[in-house]
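Peer 1: here is a sequence together with a model predicted from it:
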Amino acid sequence: MSLTIWGRPNSLNVHKVLWLAAELDLEFEHIFAGQQHGIINTPEFRALNPNGLVPLLKDGDTILWESQIILRYLTEVYGKDSLWIAEPRARFAAEKWLDWYITSVLPVFSVVFFNLVRQPEDQRDLAAVEVAAEKLSKLLDIADAELARQLYLSGEHFGVADIPLGLAIHHWFNLGLDQQQHPYLQAWIERIRSRPHFHKIASVL
């Protein structure tokens, strides 16, 4: 195995890939790239990823960009004895949460995270944060209802479907903006936070 991951260590999209690689106990080279680390605009990087974005994965002759696809790839190729769900119906029931995160949660969570974590205090759009936080809190009713029926979004055991939302909700609860009662989501994130590899990845902002 010759695995390389490019990405800046404070990117949530890179966090997803690094966390999964750790859960799968993979050995890999991590090349810091993006923002102050540069690299992403070099011809060599653009030849691998014409989007010029991170994360980027190279596994032998396989080159992948887009973090959700990288998650699916690593799980299927290297997680057959751990996180991979072999039965198709159960797998797709879990993996729908990967797409729900991207299409529904991330657009509003990004507004909150960008303004309250990335932006200097005097440049924050607090009105936009208020609107986004209200939308996100209502969206999370959906995940809370699912977690009332099972321990993880992936099913009865932790899996790849828990990774993207897990990182976002960790920060969401730390920001103290949840406007609804989400007891099952709260219990779930505490289970997520108890995983040995989680804080090594999620603590880097």
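Peer 2: The structure has been received and is ready for your questions.

Peer 1: mind giving me the domain split of this protein?
Peer 2: 3-78, 88-202 (automatic domain parsing).

Peer 1: let's have those domains in JSON lines, adding mean pLDDT and mean neighbour count.
Peer 2: Backbone N, C-alpha and C define where each C-beta goes, glycine included. Shown next, in JSON lines, are the domains of the chain (pLDDT from 0 to 100; neighbours: other Cβ atoms under 10 Å):
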{"stretch": "domain 3-78", "mean pLDDT": "96", "mean neighbour count": "18"}
{"stretch": "domain 88-202", "mean pLDDT": "95", "mean neighbour count": "17"}
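
Peer 1: most centrally placed residue in this protein?
Peer 2: residue 164 (2.7 Å; Cα atoms, centre = their mean).

Peer 1: tell me the contacts of that one?
Peer 2: 16, 67, 68, 71, 97, 98, 101, 102, 106 (Cβ atoms under 8 Å, 6 or more residues apart in numbering).

Peer 1: wait, doesn't the first one sit right on residue 162?
Peer 2: No - the pair residue 16 / residue 162 is not scored as a contact, 10.6 Å apart, by Cβ atoms under 8 Å.

Peer 1: and for residue 96, nearest residue in space, chain neighbours not counted?
Peer 2: residue 161 (7.8 Å; Cβ to Cβ, 6 or more residues apart in numbering).

Peer 1: between the contacts of residue 164, which is closest to residue 156?
Peer 2: Closest approach to residue 156 among those (Cβ to Cβ): residue 97, at 14.5 Å.

Peer 1: what about the closest one, which helix or strand?
Peer 2: Using DSSP states H and E, residue 97 falls within helix 88-100.

Peer 1: and residue 158, by the same measure?
Peer 2: Here residue 158 is assigned to no helix or strand, by DSSP H and E.

Peer 1: give the closest residue to it in space, chain neighbours not counted.
Peer 2: residue 152 (5.2 Å).

Peer 1: my guess is residue 17 contacts residue 69. True?
Peer 2: No - Residue 17 sits out of contact with residue 69 when judged by Cβ under 8 Å, with a separation of 10.3 Å.

Peer 1: max-length helix in the chain?
Peer 2: Using DSSP state H to define each element, the chain has its longest helix at helix 126-149.

Peer 1: where's residue 2 relative to residue 64, distance?
Peer 2: 14 Å (Cβ to Cβ, to the nearest Å).

Peer 1: what of residue 152?
Peer 2: 25 Å.

Peer 1: what's the answer for residue 127, then?
Peer 2: 38 Å.

Peer 1: would you map the helices across the chain?
Peer 2: 12-23, 43-48, 67-78, 88-100, 106-113, 126-149, 163-175, 183-193, 198-202.

Peer 1: TSV for the ones you listed, including distance to residue 29?
Peer 2: Formatted as TSV, the helices of the chain follow (distance: least, Cβ to Cβ, whole Å):
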stretch	distance to residue 29
helix 12-23	11
helix 43-48	14
helix 67-78	15
helix 88-100	25
helix 106-113	28
helix 126-149	34
helix 163-175	21
helix 183-193	27
helix 198-202	16
